[in-house]
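Participant: Structure here, sequence nowhere to be found:
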């Protein structure tokens, strides 16, 4: 079973920053779009950010543009999400996911999921 392992969640005050990381097996990481989704209580899971396998293309949810940055470290098979200027509405469980660009961005049905990490932003 493929494992995507997230780290870096926690509790932060509004206006603060957090950095999430997701480690993936090399065979999955190198050939797939990597992404972060989130799910807040009572809401549907949504795509937050995605980065193509080559790192040339990115996509962000409108609600996080200008505040969040996705990047990938090919040497470490890791995808990161730098979250700045956090707001209480960013509170959610954040999931790392992998798949083709189409599956991640167009039809939002990734092939692989992590277990999720909780991010809580207090006001």
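Facilitator: Looks like it came in fine. It should be emphasised that the depicted structure is a prediction, and the values quoted were computed from it without experimental measurement.
Participant: Over to the residue nearest the centre of the chain. Which of the three states is it?
Facilitator: Compute the mean C-alpha point of the chain, and by Cα atoms, centre = their mean the closest residue is residue 36, 1.9 Å away. Following DSSP: H, G, I helix; E, B strand; the rest coil, we place residue 36 in the strand state.
Participant: ok, what's across the strand from it?
Facilitator: Beta bridges link residue 36 to residue 49, residue 96 when assigned by DSSP bridges.
Participant: Please look at it and residue 45 and confirm they touch.
Facilitator: No - here residue 36 lies out of contact with residue 45, judged by Cβ atoms under 8 Å, at a distance of 10.9 Å. (Each C-beta comes from the backbone N, C-alpha and C, glycine too.)
Participant: intersection of neighbour lists for these two?
Facilitator: Listed as contacting both residue 36 and residue 45 by Cβ atoms under 8 Å, 6 or more residues apart in numbering are residue 95.
Participant: Distance-wise, check the residue nearest to the centre of the chain relative to residue 78.
Facilitator: According to Cβ to Cβ, to the nearest Å, residue 36 stands 12 Å off from residue 78.
Participant: Residue 85 now?
Facilitator: Residue 85 is 23 Å from residue 78, by Cβ to Cβ.
Participant: Of these two, which one has the most company?
Facilitator: Neighbour totals were compared for residue 85 and residue 78, and residue 78 leads with 18 against 13 (other Cβ atoms under 10 Å).
Participant: ok, back up a step: overlap in contacts, residue 36 and residue 78.
Facilitator: residue 22.
Participant: and residue 27, how many neighbours does it have?
Facilitator: By other Cβ under 10 Å, the residues close to residue 27 number 10.
Participant: quick one: pLDDT of it?
Facilitator: For residue 27, the model assigns a pLDDT of 92.
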